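> The following block contains a protein sequence and its predicted model.
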Amino acid sequence: MEIVIYVVLASFTLSACSERINYTGYAVKRITPKTESQLAALKQLENIGALFWKEPSARGRPADVLLPPNLQGEMVNILKAMGSTVENLIENIQVLIDNEESAAKRTGQFGWTAYSSFEEINAFLLEQHEKHPNYTRLFSIGKSFEGRDLLVFKISRGSKPKKSIWLDANIHAREWITSAVATFTINELLNGERTGWTRDFDWYILSILNPDGFVYTKTNNRLWRKTRSTGLRCIGADANRNFGFHWMESGSSNNPCSETYGGKSAFSELETQALRDYIPSISKHLVGYISLHSYSQLILLPYGHSNKHIPQYDTYMDLGHRIAQATATRYQTMYTTGNIVDLLYAASGGSMDWVKGTHNINLTLTFELRDTGRYGFLLPPTEIIPTAEEFLDGLEVIVQSLRDGIITPDFKEH
Ligand SMILES: [Zn+2]
């Protein structure tokens, strides 16, 4: 009898383990290749079980790599022997994942001292809409692959449409800080110190653009990045490589198992289709498009397919520098500004590039929020509020610039 119980318990434990990936002993290392052959060797790590937190891109540019225990010894030694620099960022990421979980359990409700669940975030949005029914709307612009609503929270005071600002987050599932900052922003616009921003602008905030992936990060794999659409070999596409503007030109993979798989066609994913179909209905009034990502502390300008600078580049760079000054005032957090290719790597098919390139929206920015690699995607919950506060300090510069007309529309694209 005892044996039977033991077997039943053992099989239960095993199935529980297989549902949720345990990352005990997985480490994150920052590896900088110095030659083309070192770069090529580094890129191969993805095929043998490493996961890129920051893609290898060029000689001299660091990549952040998550390595399972079996790749931390010999493989790292080979890279070092070839001449690459290897720096330890995180020893054991499961400790950070456990910390996130215990904070969520301690809190047990929606807030910004722990990362909230999909259900808690939706309940917060509904509650805020019910609290401010006269000038807010909560509506779905489409369904995800698994049938979840893509919920936009709209704030619009007065009867006439105003200049509009769009904010979206969590297109990459594991970047939890982004939806936390989005909901913090909604709260500040409705109940906090930034209510004045709703007098001059209508706001559209899509807190979770990739809900299936987001839920999957909570239930199965904390580090999932892509959508959850089914494919022949592997699941999901990188939604931020799936937009139909210079799709699959550079920095995206045609391997369905890659983290940066661009999808089987442009807009193959329901989540990107939803934006493709909705943005045109508001583009007439849209003056600002902001997409939230993490991590690296960057303020990115278009484009990702080319290092050619956009028209009025200097004006946008000047704005980026002023935003970075503002985000640094409260906690001395340093953000760097520039275009995607200059600061990161070539990456085409992103949402910002599509919005800019297709709809010629005045100001389009991508924020890579905290941090610069100390915790990476596993930013401790204690950093949610400071990250959101300094983002709003930066957003204030954007709001003022758009209000004062400092950034003027450019109609000479393409
Ligand atoms: Zn991202």
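Here it is on my side, so go on.
> And stretch 113-124, what's buried?
The neighbour-count check on stretch 113-124 (16 or more other Cβ atoms under 10 Å) flags 114-116, 118, 120-122, 124 as buried. (Each C-beta comes from the backbone N, C-alpha and C, glycine too.)
> Ok, stretch 41-61 next?
Residues of stretch 41-61 classed as buried by neighbour count (16+ other Cβ under 10 Å): 41-43, 45-46, 50-57.
> just how off-centre is it within its chain?
The gap between the average C-alpha position of stretch 41-61 and the chain average comes to 19 Å, counting by Cα atoms, centre = their mean, to the nearest Å.
> Export that stretch to CSV, keeping only CA atoms.
Taking Å, rounded to 0.1, in the frame of the first residue of the first chain, the C-alpha atoms of stretch 41-61 are listed here in CSV:
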residue,chain,number,x,y,z
ALA,A,41,30.1,30.4,-32.6
LEU,A,42,28.0,32.4,-30.2
LYS,A,43,25.0,32.3,-32.5
GLN,A,44,25.2,28.5,-32.6
LEU,A,45,24.5,28.3,-28.9
GLU,A,46,20.8,28.8,-29.6
ASN,A,47,20.8,25.4,-31.4
ILE,A,48,22.1,23.5,-28.4
GLY,A,49,19.9,24.8,-25.7
ALA,A,50,20.9,28.4,-24.8
LEU,A,51,18.4,31.2,-24.9
PHE,A,52,19.3,34.7,-26.0
TRP,A,53,18.1,37.5,-23.7
LYS,A,54,19.9,39.9,-26.0
GLU,A,55,20.7,38.6,-29.4
PRO,A,56,24.3,38.4,-30.7
SER,A,57,24.5,41.1,-33.4
ALA,A,58,28.0,42.2,-34.2
ARG,A,59,31.6,42.1,-33.2
GLY,A,60,32.2,44.1,-30.1
ARG,A,61,28.5,44.1,-29.1
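> average model confidence for it?
Stretch 41-61 shows a mean pLDDT of 92 in the predicted model.
> Can you tell me what sits against it?
Around stretch 41-61, the neighbours that count as contacts under Cβ atoms under 8 Å, 6 or more residues apart in numbering are 28, 31-36, 38-39, 62-68, 70-71, 75, 78-79, 82, 84, 223, 251, 258-260, 296, 344-346, 373, 376-377.
> Filter the residues you listed down to the buried ones.
Using 16+ other Cβ under 10 Å as the threshold, 28, 31-33, 38-39, 62-67, 71, 75, 79, 84, 223, 251, 258-260, 296, 344-346, 373, 376-377 are the buried ones among the contacts of stretch 41-61.
> any idea of the mean pLDDT for stretch 168-183?
Predicted confidence along stretch 168-183 averages 98 (mean pLDDT).
> Is it positioned near the ion?
Yes - contact between stretch 168-183 and the ion is present through His172 (criterion: Cβ under 5 Å from the ion).
> Just checking the distance from that stretch to the centre of its chain.
Averaged C-alpha coordinates place stretch 168-183 at 6 Å from its chain's average position (Cα atoms, centre = their mean).
> Just the buried positions in it, please.
Using 16+ other Cβ under 10 Å as the burial criterion, the residues of stretch 168-183 that qualify are 168-183.
> Mind picking the one among the residues you listed that's closest to the ion?
His172 (3.5 Å; Cβ to the ion).
> Among the buried residues of stretch 41-61, name the ones in strands.
By the criterion of DSSP state E, membership of these in strands covers 51-54.
> export these to JSON lines and tack on distance to the ion?
Output for these, formatted as JSON lines (distance: Cβ to the ion, whole Å):
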{"residue": "Leu51", "distance to the ion": "14"}
{"residue": "Phe52", "distance to the ion": "12"}
{"residue": "Trp53", "distance to the ion": "10"}
{"residue": "Lys54", "distance to the ion": "10"}
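> Which residues does stretch 221-238 contact?
Counting by Cβ under 8 Å, 6+ apart, the neighbours of stretch 221-238 from elsewhere in the structure are 20-21, 23, 51, 66, 97, 100, 144-146, 172-174, 210, 212-213, 216-217, 239, 252, 256-264, 268-271, 377-378.
> hmm, back to that, max pairwise distance over the buried residues of stretch 41-61: which two?
With distance counted by Cβ to Cβ, no two of the buried residues of stretch 41-61 lie farther apart than Ala41 and Trp53, which are 17.9 Å apart.
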